[in-house]
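In: sequence and predicted structure are below.
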Amino acid sequence: MPDFTKSGSIILVQRLDLARPKHLRQRLVKRTIGGGDRTCVGPDMISLDQVKDDVRLLYIVITSAAPLRNETSMNEATSSSAVAAQQPTCIIVIGMAGSGKTTFLQRLNSHLHSQSKPPYILNLDPAVSHLPFKANIDIRDTVDYSEVMKQYNLGPNGGILTALNLFTTKFDQVLGFVEKRAGSHKHVLLDTPGQIEIFTWSASGAIITDSLASSLPTCVAYIIDTPRTTAPATFMSNMLYACSILYKTRLPFILVFNKTDVTPHHFALEWMRDFEAFQDALQQNRQSTDEPGFMNSLLNSMSLMLDEFYKHLRAVGVSAMTGAGFDDFLRAVDEARKEYENDYKPELDRLRAEKAAQSAKNKDEQIQRLVQDMKLSGGQNEVLSRPSVRADPAAVGPDELDQDEDEGELLERDDEGAPPPRIPGRRLPGGIYEDDNGGRWPAPR
Ligand SMILES: Nc1nc2c(ncn2[C@@H]2O[C@H](COP(=O)(O)OP(=O)(O)OP(=O)(O)O)[C@@H](O)[C@H]2O)c(=O)[nH]1
């Protein structure tokens, strides 16, 4: 009996009728290994030489491929870093309604065109009536927002959310398009719905952000309407919202103070850098307005908390109207990309490796269970385990193997939904099942 504990992870266990002539057995082995729905690479198995004639049924164990050699993995690492260097940076543009997201994207688009670096643009706002730029992928081509409202009897926000949910079901295809174009664009820009919470707090927003960030370098540009943020309370609310998005996405974050042609953003930078300057502004605000005392003490304590948050941010001032500040913004995007590569990506890889290790551990435990099952068989039949797709391991007769050859699915019920014929036998004490040929199995539950 081969030592299965050393043979790697078991992907599938399937039984084989060994009472068949050898040529048929060989065909069955080939079929089993090459089975369409099995995700095995370079399978390893019990060789036919190990099959004894007195063994009537055998579970074939298909194991995963041997570990890659160092040389191969080094080559792969080199080529993957070359591919990573060619990847575009995705910029998810988020902001309150009217903050100027669309105008910002229009200006960024023309700025990048002027540098001969045309971006790839995705519009995720199904309710926008007019786009001042040409989007490569537009949610409105896939989902008719007003039709969604009518058919699902929804209001405007529910309609936008449902349209985005419907679009997200196709996002793997969107990613496919983006990845195909990755070599010819340096930036991928995403415009999001004006109702900020629809994107930032919905499942579809999280799916879009996570799937994008797991394939390509991604950052968030949070657009702020600067003229409307000059009061300490509105500034604080905006920062708290930015903070919540940062902690939800954990992606590199750029605060973009827009409309600086109307109000320069220096006051905001000062408040972020100098805690006392913000306290002074609060003090002045307290004197000039009749805001209740609890509001001021709340703002005070929140500003203390946000002081830590500001350290993780880069902030730039732009005017989507005049085009000022866009070079600064692109520099901030380059920094954000480095942050993605140095912090976010390793963390993502660590989580992936953890998940892979956990699933390898689960497979090891399955192998141990198989070994236990083998011991239970008392050496008469070599029983490794029950196939996971069926509750009863003894319920596959030789006739079903013929069925398998015709239909490619060993463990299916017939067309009328009747269970496959059972091999007659009896239950023995201790959870053992004995078939008519004296073969012993772990009893079905
Ligand atoms: N003065 C000035 N106005 C701006 C600037 N950017 C945008 N605006 C104006 O702000 C208003 C809102 O701009 P939009 O680009 O539609 O804002 P939005 O965030 O996409 O809006 P929604 O999609 O409805 O959330 C428009 O009237 C713009 O002309 C800017 O830099 N300066």
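Out: Received it, and whenever you're ready, just let me know what you need.

In: mind listing the strands for the stretch 301-445 of the chain?
Out: Counting by DSSP state E, counting those that start in this stretch, the segments of the stretch 301-445 of the chain that form strands are 314-317, 425-428, 432-435, 440-442.

In: do the stretch 101-250 of the chain as well
Out: For the stretch 101-250 of the chain, applying DSSP E, counting those that start in this stretch gives strands covering 120-123, 137-138, 187-191, 218-225.

In: turn those into CSV, columns for mean pLDDT and mean neighbour count.
Out: Where C-beta positions appear, they are placed from N, C-alpha and C, glycine not excepted. Below are those laid out as CSV (pLDDT from 0 to 100; neighbours: other Cβ atoms under 10 Å):
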stretch, mean pLDDT, mean neighbour count
strand 120-123, 93, 22
strand 137-138, 92, 18
strand 187-191, 95, 24
strand 218-225, 96, 25
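
In: just give the number of residues close to Gln87.
Out: By the criterion of other Cβ atoms under 10 Å, Gln87 has 18 neighbours.

In: where's it relative to Lys186, distance?
Out: Using Cβ to Cβ, to the nearest Å, we find Gln87 at a distance of 9 Å from Lys186.

In: tell me which residue in the stretch 51-200 of the chain sits closest to the ligand.
Out: Gly194 (2.2 Å; Cβ to the nearest ligand atom).

In: and that residue, its phi and psi?
Out: The phi/psi pair for Gly194 (degrees, to the nearest 10) reads phi -60, psi -30.

In: excluding its backbone neighbours, what's nearest it?
Out: Ala97 (3.8 Å; Cβ to Cβ, 6 or more residues apart in numbering).

In: and the one you found, what is it in contact with?
Out: If a contact means Cβ atoms under 8 Å, 6 or more residues apart in numbering, then Ala97 has 194-196 as its contacts.

In: may I see these organised as CSV, with pLDDT added?
Out: Compiled in CSV, the contacts of Ala97 are given as follows (pLDDT from 0 to 100):
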residue, pLDDT
Gly194, 85
Gln195, 85
Ile196, 87
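
In: make JSON lines from those and add neighbour count to it.
Out: Listed next are the contacts of Ala97 as JSON lines, based on neighbours: other Cβ atoms under 10 Å:
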{"residue": "Gly194", "neighbour count": "18"}
{"residue": "Gln195", "neighbour count": "17"}
{"residue": "Ile196", "neighbour count": "20"}
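
In: what about the nearest residue to Tyr340 once chain neighbours are set aside, neighbour count?
Out: Distances taken as Cβ to Cβ, 6+ apart put Pro217 closest to Tyr340, at 4.6 Å, once the chain neighbours are dropped. Neighbour count for Pro217, taken as other Cβ under 10 Å: 24.

In: next one: Ala336
Out: 23.

In: dump the residue contacts of it.
Out: Contacts of Ala336 by Cβ under 8 Å, 6+ apart are 89, 219, 252-254, 314.

In: then Val143?
Out: By Cβ under 8 Å, 6+ apart, the residues touching Val143 are 126, 163, 166-167.

In: most neighbours, which of those residues?
Out: Counting by other Cβ under 10 Å, top hit in those: Ala163 with 29 neighbours.

In: for it, which non-adjacent residue is spatially closest?
Out: In space, Ala163 is closest to Pro126, 3.9 Å off (Cβ to Cβ, 6+ apart).

In: where does the stretch 51-200 of the chain have low pLDDT?
Out: For the stretch 51-200 of the chain, the stretches with pLDDT under 70 are 51-85.

In: so where do the helices sit in it?
Out: Ranges of helices in the stretch 51-200 of the chain, per DSSP state H, counting those that start in this stretch, are 70-86, 101-114, 139-142, 145-152, 156-168, 171-180, 196-200.

In: please identify the buried residues of the last one?
Out: For helix 196-200, the buried set under the neighbour-count rule, 16 or more other Cβ atoms under 10 Å, comprises 196, 198-200.

In: who's in contact with that helix?
Out: Contact partners of helix 196-200, identified using Cβ under 8 Å, 6+ apart, comprise 94-97, 124, 157, 160-161, 164, 192-193, 205, 208, 241, 244-245, 248.

In: mind redoing it with 6 Å?
Out: 96, 160-161, 192-193, 205, 245 (Cβ atoms under 6 Å, 6 or more residues apart in numbering).

In: how about the residues of the stretch 301-445 of the chain that lie near the ligand?
Out: 319-321 (Cβ under 6 Å from any ligand atom).

In: how far away is Asp343 from the ligand?
Out: Plainly put, Asp343 is 29 Å away from the ligand if you go by Cβ to the nearest ligand atom, to the nearest Å.

In: list the contacts of that residue.
Out: Listed by Cβ under 6 Å, 6+ apart, Asp343 has no contact partners.

In: for Thr103, give me its contacts.
Out: So Thr103 contacts Ala320 (Cβ under 6 Å, 6+ apart).

In: returning to what we had before: now render the contacts of Ala97 as CSV, adding distance to Asp225.
Out: Below are those laid out as CSV (distance: Cβ to Cβ, whole Å):
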residue, distance to Asp225
Gly194, 12
Gln195, 15
Ile196, 12
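
In: secondary structure element for Ile254?
Out: strand 253-258 (DSSP states H and E).

In: what pairs with that strand, parallel or antiparallel?
Out: strand 218-225 (parallel), strand 314-317 (parallel) (DSSP bridges).

In: still on that earlier bit, give the contact list for the residue nearest to Tyr340.
Out: Pro217 touches 87, 89, 337, 340, counting by Cβ under 6 Å, 6+ apart.

In: and if you look at Gly100?
Out: Counting by Cβ under 6 Å, 6+ apart, Gly100 has contacts 223, 258, 320.

In: chain neighbours aside, what residue packs nearest to Phe326?
Out: His111 (4.5 Å).

In: now the one you found: how far from Pro119?
Out: As for His111, its distance to Pro119 is 10 Å (criterion: Cβ to Cβ).

In: which one of those two is surrounded by more residues?
Out: The residue with more neighbours, out of His111 and Pro119, is Pro119; 22 against 17, by other Cβ under 10 Å.

In: report the beta-bridge partners for the closest residue to the more buried one other than its chain neighbours.
Out: Spatial nearest neighbour of Pro119, chain neighbours left out: His187 (4.1 Å); criterion: Cβ to Cβ, 6+ apart. Under DSSP bridges, the beta-bridge partners of His187 are Thr89.
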